[in-house]
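Colleague: The following comprises the amino acid sequence and a computationally predicted model.
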Amino acid sequence: MKIVLTGWNGFIGRNIMKTLVDVHNIDELILIESDFTSKPSWERNLEVGIDSCDSIIHLGANVDTTDNNVDSMLKSNYLMSKKIFDLAKQYDKQVIYSSSAANYGTDGTPSNIYGWSKLLAEQYGLALGIDFVALRYFNVYGPGEERKGKMASVAYQAWKLGSFRIFPKKATRDFVYVKDIVSATIYPLFNNVEPGVYDVGCGESRLFEDVLDLMEIPYEYTSNYEIPDWYQFYTKSDKSKWIPGWKPEYNLESGIKDYKEYLK
């Protein structure tokens, strides 16, 4: 099996790459940098790779949810994806696309530019009528996020800082361990999955306080004035929208326990 993997050098990408190589013994990976559009030969290299592969896992994206530059966000997350999906249609290839729970926003529509860019790419891929599986990742945490900076999970940032400040309005999230993200992402490679959009989460909406308590990290609250207008106060994946046959292995307690062992 030969797989094109974009965004391989990121948090989730490295975890997927390691699992494909170490667990599934897949040694034919065509690795595409997430910033490959800046390279003169990227388009030709991408086409050659997609022509010769069996499946495409497309993770490469700008994941900074606070980035308000519309042009750069759409270039990274929509136009890059559009090119990949067009080539997948041309060469009749399966696409597994890392979409986002940000597509849901607070009222069923995205509340930031990042969410809109991911939703537009998702809709484009679905409209092509190809073997297209979009996975809406919820709040991912776990081994390998050391280089994510401000986009790293609360669990990691709190561990690194030794304390944390959270908003006082008791926001909750569906925190999903990266090992479950990996298992869901590669599931369509080895199983028959109908094209469509699927949630990938733990299936529980938990407080940030729960994360910090489990991490054994002290925290304090910010003022209400520091909460952005677009802030999302609740997320929870819909179990009926999970990939049929797949379910997460970790809840928050077992995920944090495993993560703490890694961080030690």
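Modeller: Here it is on my side, so go on. Here the structure is a predicted model, which means the values were calculated and not measured.
Colleague: Give me the distance from stretch 182-201 to the chain's centre.
Modeller: A distance of 13 Å separates the centroid of the chain from that of stretch 182-201, by C-alpha atoms, centre = their mean, to the nearest Å.
Colleague: Now do it, average pLDDT.
Modeller: Averaged across stretch 182-201, the pLDDT comes to 98.
Colleague: how long is it end to end?
Modeller: As for stretch 182-201, its first-to-last residue distance stands at 11 Å under the measure C-alpha to C-alpha, to the nearest Å.
Colleague: buried sites along that stretch?
Modeller: Within stretch 182-201, the residues scored as buried using 16 or more other C-beta atoms under 10 Å are 182-189, 193, 195, 197-201. The way it works is simple: take the backbone N, C-alpha and C, and place the C-beta from them, glycine included.
Colleague: Please apply the same query to stretch 254-264.
Modeller: Residues of stretch 254-264 classed as buried under the neighbour-count rule (16+ other C-beta under 10 Å) are G255, I256, D258, Y259.
Colleague: Pull the contacting residues for A171.
Modeller: The neighbourhood of A171, defined by C-beta atoms under 8 Å, 6 or more residues apart in numbering, consists of L207, F208, Y231, Q232, F233, Y234.
Colleague: by contact count, what packs against the host helix or strand of S81?
Modeller: In this structure, S81 sits in helix 80-91 according to DSSP states H and E. Under the contact definition 3 or more C-beta pairs under 8 Å, 6 or more residues apart in numbering; DSSP states H and E, helix 80-91 sits against helix 42-52, strand 55-58, strand 94-100, helix 113-127.
Colleague: switch the cut-off to 7 Å
Modeller: When contacts are defined as 3 or more C-beta pairs under 7 Å, 6 or more residues apart in numbering; DSSP states H and E, helix 80-91 packs onto helix 42-52, strand 55-58, helix 113-127.
Colleague: Pull the residues that contact that helix.
Modeller: Outside helix 80-91, the residues that touch it by C-beta atoms under 7 Å, 6 or more residues apart in numbering are 37, 46-47, 50-51, 56, 58, 60, 95, 121, 124-125, 128, 130.
Colleague: now stretch 155-165
Modeller: 141, 145, 154, 211-212, 215, 217-222, 256, 259, 263.
Colleague: Quick check on those residues: which are buried?
Modeller: The neighbour count (16+ other C-beta under 10 Å) marks Y141, E145, V154, V211, L212, M215, I217, Y219, I256, Y259 as buried among the contacts of stretch 155-165.
Colleague: Pretty sure the fourth one sits against F175.
Modeller: Yes - judged on C-beta atoms under 7 Å, V211 makes contact with F175 at a distance of 6.4 Å.
Colleague: Between these two, which contacts overlap?
Modeller: Both V211 and F175 are in contact with L252, where contact means C-beta under 7 Å, 6+ apart.
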